[in-house]
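1. Show me the folded form of this:
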Amino acid sequence: MKRAFTLIELLVVIAIIAILAAILFPVFAQAKQAAKKSADLSNVKQIGTAMAMYLGDNDDTYPQSYYYKNDQNSSGGYVHWTGTILPYVKNLNIFVSPGDKIGGFAPTNYSLASKNKGWGWPGGQTPQYDADIDVQAPRLSYIGNSLLMPRKRKSSDPMGVTVATAIEEVGQIILFGAMTEYAACINGSSVASGQAYKTHRPANAILLEDNGAPFHGEAVDQVGRPYYWAISFQRAMADIESCKSGTPATGLSHITYITPDRFGKGSNYTYADTHARFATLQDTLNPSRFQWGKRAYTAGGGLVLKPGTTEPVE
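-> The predicted structure follows:
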């Protein structure tokens, strides 16, 4: 007599498999995300180590976030901090986060014909100049803090480089963070180069007035002030959500250049002492433990004040 499974038995087995899959798939997804987070942490730690070696060879002076190759304008391309420390890295892949949904932005200028030297570019990005003229990692998931690495495009620009020994509590000030994954959040304009995807620019978390205009450091009147104001978490999130919805970043604070939630509720950061750790945006903007700089080190050293007060951040 032949024996076989009944229809009910088959349905029960299928139901059990479906229940097990529903339980296990989220666990697998969490494990995969945790692995990406660990790999990303390794990336930012290696970038920090490369910066430490650079500082050792350059009188403890942080590099510029970027500068014009011709010391005049962007037509000759940019030299970016990733290009500056590349001799200490030797692996372009560490500039791309495994958690970056777009695989990192291309340089501001790249060649369509060469397909950005074979690295391609994320959907929605277009080059300012169709040429491989930027000295920058071909795909980039990380961004610098302009209060440590200035936006000093040319010799006549007002911001200046700073030395590591001038930094207060180096273990508490962010050097690198996660770059935004939204094209509109990095899209901006400047007098020198018009509208473009400014992937070479650094981020910062300060304002010129309390809850006021953003600090960018391009104009002389923005540098050398006695006081700046830390951006509040509420203002930061409002600006980030604004550009994520498609509003160009022009006029928004430069905290929009970061991704605050690459891994769940936070992202990995490299600090000025080159150690790396995970933090939420709210943690980094806490005025009682402000992690973006107690002073505008590259803009004359003015104090950074708590939002809504005349008290310095702590």
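2. Name the helix or strand of the chain that has the lowest mean pLDDT.
-> strand 187-190 (a mean of 62; mean pLDDT, DSSP states H and E).
3. Residue 135: what's it in contact with?
-> 69, 77-80, 83-84 (C-beta atoms under 8 Å, 6 or more residues apart in numbering). Where C-beta positions appear, they are placed from N, C-alpha and C, glycine not excepted.
4. Can you redo these as CSV, where the extra columns are distance to residue 109 and secondary structure?
-> Listed next are the contacts of residue 135 as CSV, based on distance: C-beta to C-beta, whole Å; DSSP: H, G, I helix; E, B strand; the rest coil:
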residue, distance to residue 109, secondary structure
69, 10, coil
77, 5, coil
78, 7, strand
79, 12, strand
80, 11, strand
83, 12, helix
84, 17, helix
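5. Show me which of those residues are buried.
-> Among the contacts of residue 135, those classed as buried by 16 or more other C-beta atoms under 10 Å are 69, 77-80, 83-84.
6. Check the residues you listed and tell me the two furthest apart.
-> 77 and 84 (13.8 Å; C-beta to C-beta).
7. Low-confidence regions, the stretch 151-300 of the chain specifically.
-> Scanning the stretch 151-300 of the chain for pLDDT under 70 picks out 188-195.
8. check contacts around residue 181.
-> Going by C-beta under 8 Å, 6+ apart, the list of residues near residue 181 reads 100-102, 259, 262.
9. ok, 10 Å please
-> 97, 99-105, 122, 141, 244, 259, 262 (C-beta atoms under 10 Å, 6 or more residues apart in numbering).
10. just checking, which of these belong to helices?
-> residue 244 (DSSP state H).
11. May I see the contacts of residue 181 organised as TSV, with neighbour count added?
-> TSV is the format used below for those (neighbours: other C-beta atoms under 10 Å):
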residue	neighbour count
97	28
99	21
100	23
101	12
102	18
103	17
104	23
105	29
122	16
141	26
244	15
259	25
262	24
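12. Pick out whichever of the contacts of residue 181 sits closest to residue 57.
-> residue 141 (25.3 Å).
13. Please look at the closest one and residue 104 and confirm they touch.
-> Yes: at 4.4 Å, residue 141 and residue 104 qualify as touching, with contact defined as C-beta atoms under 10 Å.
14. which residues do these two both contact?
-> Common contact partners of residue 141 and residue 104 (C-beta under 10 Å, 6+ apart): 95-97, 179, 181.
15. And residue 67, how close does it get to residue 207?
-> 25 Å (C-beta to C-beta, to the nearest Å).
16. Next one: the residue lying closest to residue 50 once chain neighbours are set aside from residue 197, what distance?
-> Nearest residue to residue 50 in three dimensions, chain neighbours excluded: residue 88, at 4.0 Å (C-beta to C-beta, 6 or more residues apart in numbering). Here residue 88 is placed at a distance of 27 Å from residue 197 (C-beta to C-beta).
17. do the same with residue 211
-> Distance, residue 211 to residue 197, by C-beta to C-beta: 27 Å.
18. of those two, who's got more company?
-> Legend: neighbour count by other C-beta atoms under 10 Å for residue 211 and residue 197, higher for residue 197 (25 against 13).
19. Surely that one and residue 124 touch.
-> Yes: in this structure residue 197 lies within contact range of residue 124 using C-beta under 10 Å: 8.5 Å.
20. Spell out which residues are contacts of both of those two.
-> With C-beta under 10 Å, 6+ apart as the test, residue 197 and residue 124 both reach 105, 183-184, 187.
21. Among these, which pair sits farthest apart?
-> It's 105 and 184 that sit farthest apart of the shared contacts of residue 197 and residue 124, by C-beta to C-beta, at 12.2 Å.
22. which residues are common contacts for these two?
-> Shared contacts of residue 105 and residue 184, defined by C-beta under 10 Å, 6+ apart, comprise 124, 197.
23. Next, find the distance separating the nearest residue to residue 236 once chain neighbours are set aside from residue 122.
-> Spatial nearest neighbour of residue 236, excluding adjacent residues (C-beta to C-beta, 6+ apart): residue 255 at 4.7 Å. Counting by C-beta to C-beta, the separation of residue 255 from residue 122 is 21 Å.
24. now swap in residue 76 and tell me
-> Residue 76 is 25 Å from residue 122, by C-beta to C-beta.
25. try residue 155
-> Counting by C-beta to C-beta - residue 155 and residue 122 are separated by 33 Å.
26. hmm, back to that, looking at the shared contacts of residue 197 and residue 124, state which has the most neighbours.
-> Greatest neighbour count in those, by other C-beta under 10 Å, goes to residue 105: 29 neighbours.
27. Quick check: chain neighbours aside, which residue is closest to that one?
-> Once flanking residues are discounted, residue 105 sits nearest to residue 199: 4.3 Å by C-beta to C-beta, 6+ apart.
28. And for the one you found, the neighbour number?
-> Neighbours around residue 199, by other C-beta under 10 Å: 30.
29. Thought residue 286 was touching residue 231, still the case?
-> No: Residue 231 sits out of contact with residue 286 when judged by C-beta under 10 Å, with a separation of 11.9 Å.
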